[in-house]
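Asker: This is a predicted model, with the sequence first.
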Amino acid sequence: MFTGNVRADRGHWVDGTLLGGDPSGICLVLDREIDRESLRRSVLERQERLASAGLRPGGTAAVQLPPSFEYVAQALAVWRLGAQLIVLDHRLTEPETARAVGLTHPQLLVSTRTPASPMRGFHTVEPELTVLPDGRPAPGEHVLVQLSSGSTGPSKLIGRTAAGLVAELRSYARIEGMPRAAEQVVVLGSLSHTWGLVGGLLHALHVGARAVLPAKTSVRGILDTVRSAPVPTALLGVPAQVALLAALPEPPPLPRLVRMMTAGGRTPEAVARSFTERYAVPLSQIYGMTETGIITADMTGEHHPSVGTPAPGVRVRVADGELQVALEHSPYLAGDVPDRFADGWLRTHDAGEIDPDSGRVTVRGRLDSQISVRGLKVDLTEVEEFLAGLPSVAEAVVLYGDGIDAYVTPAPGAGLDEIRDRLTGELAAFKHPRRWYLLPEFPRTATGKPRRDPEVLRAAAPAPAPA
């Protein structure tokens with residue numbers, strides 16, 4: 001029998017926050033429309049199965065499923081049971097999964113042998129419940145545990161409480177422009193991560209909007225989903241998806257599309273401009289972290305490169321050029337996070353500024369991207385964004401070792417000479433990369449982010465391109 005120290009009634013927040021409302025209202029759309037009463041019954045069924053497998057209030061369950069109805073129902077069932085949900089990305093390799101399980105110590109693993117397709121927005125899966133003998137009960141009141149992306153190093157273990165999630169959902173609900181009842185949001189962001197999970201799925205359940213997982217996540221699949229929408233529709237995704245949509249020269253008419261919301265990285269200005277010109281709707285910029293949830297939002301998309309003003313209830317400050325966010329407690333459960341949280345403030349490690357008049361926040365890149373070359377300050381983010389914005393570049397990462405190193409995947413038909421030529425006259429010579437590494441494609445984390453570890457990148461392109 002699983003045991004734990006979390007109160008048995010902890011899961012009751014799920015009913016009031018996520019499963020309440022009109023029983024006949026449509027809340028999920030996959031291969032069919034699912035109303036709230038059907039979802040609630042399914043959650044109760046999964047809850048009984050989890051309990052039969054031994055999960056108890058205060059226990060811990062890891063859910064590792066691709067986007068699917070089962071993912072939603074199992075996650076909500078874990079919470080409603082009063083247990084801790086550990087989210088593991090379904091794209092993790094077996095060794096990565098083993099390391100994640102060893103770090104999080106779940107008592108139960110909900111997974112599937114059904115293969116997942118990267119181009120499908122949802123899957124039909126048969127979940128398997130596996131009791132893990134080395135699992136441990138939840139050591140505290142965190143109901144959600146996630147692993148950071150690991151794009152720059154080892155993943156960190158991050159915990160969120162029910163009170164924290166509810167506060168974030170209430171904050172989203174107060175932001176003008178977020179999807180509302182009688183609207184829908186097409187969730188393109190990963191449900192394993194904060195933006196897709198909380199900003200997409202949970203927000204929709206909270207406010208009575210429809211959460212839609214498209215059949216296919218190709219450009220055509222996304223547009224077909226929007227074109228068939230019966231109600232006003234927002235897209236929720238990441239900059240790479242914005243870029244894919246923006247690259248379509250002549251999109252079809254989409255009268256139900258009202259906006260696209262993007263988070264998880266900076267959208268280059270040229271890409272943002274192309275998207276808004278082609279689709280004639282706002283590109284809303286959201287800034288947040290796994291540790292904090294949403295921090296700021298510019299729903300109009302009119303203030304690029306600003307990421308907008310702090311979300312309701314969120315306090316932000318700048319200290320020594322670094323953006324910091326007020327939190328009651330450290331979100332870190334394990335991992336090496338020295339000096340990251342102190343005196344109620346989380347260091348984001350992002351350089352930024354706050355306009356004293358409008359309160360708008362602008363992220364200027366990572367603090368570790370600010371380097372000095374021959375005594376001259378260089379922002380590596382500026383160089384990287386310039387390269388990424390070139391038509392001749394498909395993707396770019398710029399890092400600093402003993403000089404500026406550019407890791408680049410050229411666009412089809414483009415060469416390094418063409419890329420170098422564009423730098424001349426556009427960026428000062430001291431900002432130019434010293435070494436160039438050409439990669440046929442970038443190694444990526446399980447979430448799809450480019451890896452930024454220089455050793456990993458150099459292994460993908462062992463020798464620098466000739467100078």
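Answerer: Structure's in. What do you need? Given the structure is predicted, the values throughout are model-derived calculations rather than measurements. Numbers count the residues shown, from 1 in each chain.
Asker: Packing partners of the longest helix seen in the chain?
Answerer: As assigned by DSSP state H, the longest helix anywhere in the chain is helix 36-52. Counting contacts by 3 or more CB pairs under 8 Å, 6 or more residues apart in numbering; DSSP states H and E, helix 36-52 is packed against strand 26-29, helix 69-80. Where you see a C-beta, it was placed from the backbone N, CA and C, and this is true even at glycine.
Asker: and among the ones you listed, the most buried is which?
Answerer: Highest mean neighbour count among those (mean count of other CB atoms under 10 Å): helix 69-80, with a mean of 25.
Asker: Give the other helices and strands that that helix contacts.
Answerer: helix 13-14, helix 36-52, strand 60-63, strand 84-87.
Asker: In CSV, list those along with mean pLDDT and mean neighbour count.
Answerer: Below are these laid out as CSV (pLDDT from 0 to 100; neighbours: other CB atoms under 10 Å):
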stretch, mean pLDDT, mean neighbour count
helix 13-14, 95, 21
helix 36-52, 98, 17
strand 60-63, 98, 26
strand 84-87, 98, 27
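Asker: Pipe the ones you listed into TSV and attach distance to Ala204 per row.
Answerer: Listed next are those as TSV, based on distance: least, CB to CB, whole Å:
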stretch	distance to Ala204
helix 13-14	15
helix 36-52	11
strand 60-63	19
strand 84-87	18
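Asker: now for these, which one comes closest to His349?
Answerer: When the helices and strands packed on helix 69-80 are compared by CB to CB, strand 84-87 sits nearest His349, at 22.9 Å.
Asker: which stretches of the protein aren't confidently modelled?
Answerer: 1-10, 149-154, 335-336, 338, 446-448, 466-467 (pLDDT under 70).
Asker: So which residues lie in contact with the top strand by length along it, not counting its own?
Answerer: Under DSSP state E, the strand in the chain containing the largest number of residues is strand 345-354. Strand 345-354 has contacts (CB atoms under 8 Å, 6 or more residues apart in numbering) with 289, 291-292, 295, 316-319, 321-327, 330-331, 339-341, 360-370.
Asker: Buried subset of these, written for ChimeraX?
Answerer: To isolate the buried ones among these in ChimeraX, judged by 16 or more other CB atoms under 10 Å, type:
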select :289,291,292,295,316,322,323,324,325,327,331,340,341,360,361,362,363,364,365,366,367,369,370
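Asker: which ones among the contacts of strand 345-354 are found in strands?
Answerer: The strands, defined by DSSP E, take in 289, 295, 316-319, 322-326, 341, 361-366, 370 from the contacts of strand 345-354.
Asker: now the longest helix of the chain and helix 69-80, what's the angle there?
Answerer: Interaxial angle, helix 36-52 versus helix 69-80 (axes from the mean of the first three to the mean of the last three CA atoms, to 10 degrees): 70 degrees.
Asker: Need the contact partners of helix 36-52.
Answerer: If you take CB under 8 Å, 6+ apart as the criterion, helix 36-52 is touched by 14, 19-25, 27-28, 61, 69, 72-74, 76-78, 80-81, 83, 108, 110, 129.
Asker: re the thing from before, centre of the chain to the longest strand of the chain, how far?
Answerer: Here strand 345-354 is found 18 Å from its chain centre; the criterion is CA atoms, centre = their mean, to the nearest Å.
Asker: Show me which positions of it end up buried.
Answerer: Buried residues in strand 345-354, counted by 16+ other CB under 10 Å: Trp345, Leu346, Arg347, Thr348, Asp350, Ala351, Gly352, Ile354.
Asker: Quick check: phi and psi on Leu132?
Answerer: Per-residue torsions, Leu132: phi -110, psi 110 (degrees, to the nearest 10).
Asker: oh, I was asking about Met178
Answerer: Main-chain dihedrals, Met178, degrees, to the nearest 10: phi -70, psi 150.
Asker: Figure out the helix or strand that the residue lying closest to it once chain neighbours are set aside lives in.
Answerer: Leaving aside its chain neighbours, Met178 sits nearest to Tyr172 (5.4 Å; criterion: CB to CB, 6 or more residues apart in numbering). Assigned by DSSP states H and E, Tyr172 belongs to helix 162-173.
Asker: ok, and what's touching the helix or strand following that helix?
Answerer: Next in sequence after helix 162-173, counting helices and strands by DSSP H and E, comes strand 184-187. If you take CB under 8 Å, 6+ apart as the criterion, strand 184-187 is touched by 29, 67, 179, 196, 200-201, 203-204, 209-214, 222, 225-226, 229, 231-236.
Asker: again, only this time at 7 Å
Answerer: 179, 196, 200-201, 204, 209-214, 222, 225-226, 229, 231, 233-236 (CB atoms under 7 Å, 6 or more residues apart in numbering).
Asker: what does stretch 189-207 give?
Answerer: 17-18, 27, 67, 71-72, 87, 89, 146, 165, 168-169, 172-173, 178-181, 185, 187, 210-211, 236-238, 263-264, 286, 288, 290, 293-294, 447.
Asker: Narrow those to just the buried residues.
Answerer: 17-18, 27, 67, 71-72, 87, 89, 146, 165, 168-169, 172, 178-180, 185, 187, 210-211, 236-238, 263-264, 286, 288, 290, 293-294, 447.
Asker: who wins for proximity to Leu423 among the helices and strands packed on helix 36-52?
Answerer: Comparing the helices and strands packed on helix 36-52 under CB to CB, the one sitting nearest is helix 69-80, at 44.5 Å.
Asker: now the closest one against helix 162-173, angle please.
Answerer: Taking the same axes, to 10 degrees, one finds helix 69-80 and helix 162-173 inclined to each other by 130 degrees.
Asker: Can you show me the CA trace of helix 69-80 as CSV?
Answerer: Extracted C-alpha coordinates of helix 69-80, given in CSV (Å, rounded to 0.1, in the frame of the first residue of the first chain):
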residue,chain,number,x,y,z
PHE,A,69,-7.4,11.7,-23.9
GLU,A,70,-5.7,9.2,-21.6
TYR,A,71,-3.0,11.7,-20.7
VAL,A,72,-5.7,14.2,-19.6
ALA,A,73,-7.8,11.7,-17.7
GLN,A,74,-4.9,10.0,-16.0
ALA,A,75,-3.3,13.3,-14.9
LEU,A,76,-6.6,14.7,-13.5
ALA,A,77,-7.3,11.3,-11.8
VAL,A,78,-3.9,11.4,-10.0
TRP,A,79,-4.6,14.9,-8.7
ARG,A,80,-8.2,14.1,-7.8
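Asker: where exactly do the helices run in the stretch 151-300 of the chain?
Answerer: Per DSSP state H, counting those that start in this stretch, the stretch 151-300 of the chain carries helices over the ranges 162-173, 194, 203-207, 219-227, 239-246, 269-279.
Asker: Indicate which one of those is closest to Ile34.
Answerer: Nearest of these (CB to CB): helix 203-207, 11.2 Å.
Asker: how about the closest one as CSV, C-alpha atoms only?
Answerer: Extracted in CSV, the C-alpha atoms of helix 203-207 (Å, rounded to 0.1, in the frame of the first residue of the first chain):
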residue,chain,number,x,y,z
HIS,A,203,-6.7,27.2,-18.4
ALA,A,204,-9.3,26.0,-20.9
LEU,A,205,-10.8,23.6,-18.4
HIS,A,206,-10.8,26.4,-15.8
VAL,A,207,-12.6,29.0,-17.8
